[in-house]
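>>> The following block contains a protein sequence and its predicted model.
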Amino acid sequence: MQIYRIVKTDHANLDGIGGMFVAGRWHEKGHRIIYCSESRALAVLEYMVHINDFSDLPDDLVLLTIKVPETDPILQIDHLKLPARWKSKVGITRKIGTEFLLKKGSPILQVPSVIIPEESNYLLNPDHEMARKCEIIDSKSCFLDARFKKL
């Protein structure tokens, strides 16, 4: 399986260190984690929702293609089984993701995208020994079109 991630060039790795400094949708601050998407297009959307100033889009972004071995067990969270207000109550998803990281039962958790709940994002736990089998197989310069600011 291949999954995708957009990052600045200097973060083009699988160490997950960013999660140590800031909380995210699916984790509490202080935990290494890597957020990825099932498609290139979803990776772009997930990146764009975090842009505050479209007049200063980064010019050093890369789109990573990450290979996940077929043997790695993937846990899944079905959006239909989440509490009704999971999109607006970030504490719900942070608890789920942080528990996933701490239990280390699987290297990967498949979660619904808030943007398109029927599509998936993937959380990689770099502290799980099987996550070391995941590898970046491609890294391409990623241009984010400034026309997004019109949306």
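Received the coordinates, thanks.
>>> okay, CA-based contacts and neighbour counts for the rest of this
OK.
>>> And Thr71, what's its pLDDT?
On the pLDDT scale, Thr71 is placed at 72.
>>> can you count the residues close to it?
Per other CA atoms under 10 Å, the neighbour tally for Thr71 reads 9.
>>> now it: how far from Cys36?
Distance check for Thr71 against Cys36: by CA to CA, to the nearest Å, it reads 18 Å.
>>> and what of Ser55?
The spacing between Ser55 and Cys36, counted by CA to CA, is 25 Å.
>>> So for those two, which residue has more residues nearby?
Neighbour tally, Ser55 and Cys36, criterion other CA under 10 Å: the higher count belongs to Cys36, 24 against 9.
>>> Name the SS class of the more buried one, please.
Assigned with DSSP: H, G, I helix; E, B strand; the rest coil, Cys36 falls in the strand class.
>>> Quick one: the helices in the chain, in order.
According to DSSP state H, the chain carries its helices in the segments 40-48, 90-103.
>>> pLDDT of the shortest one, averaged?
Read that as helix 40-48. Across helix 40-48, the average pLDDT comes to 94.
>>> Repeat that for stretch 6-22.
In this model, stretch 6-22 has a mean pLDDT of 95.
>>> and that stretch, which residues are buried?
Buried residues in stretch 6-22, defined by neighbour count with 16 or more other CA atoms under 10 Å: Ile6, Val7, Thr9, Ala12, Leu14, Asp15, Gly16, Ile17, Gly18, Gly19.
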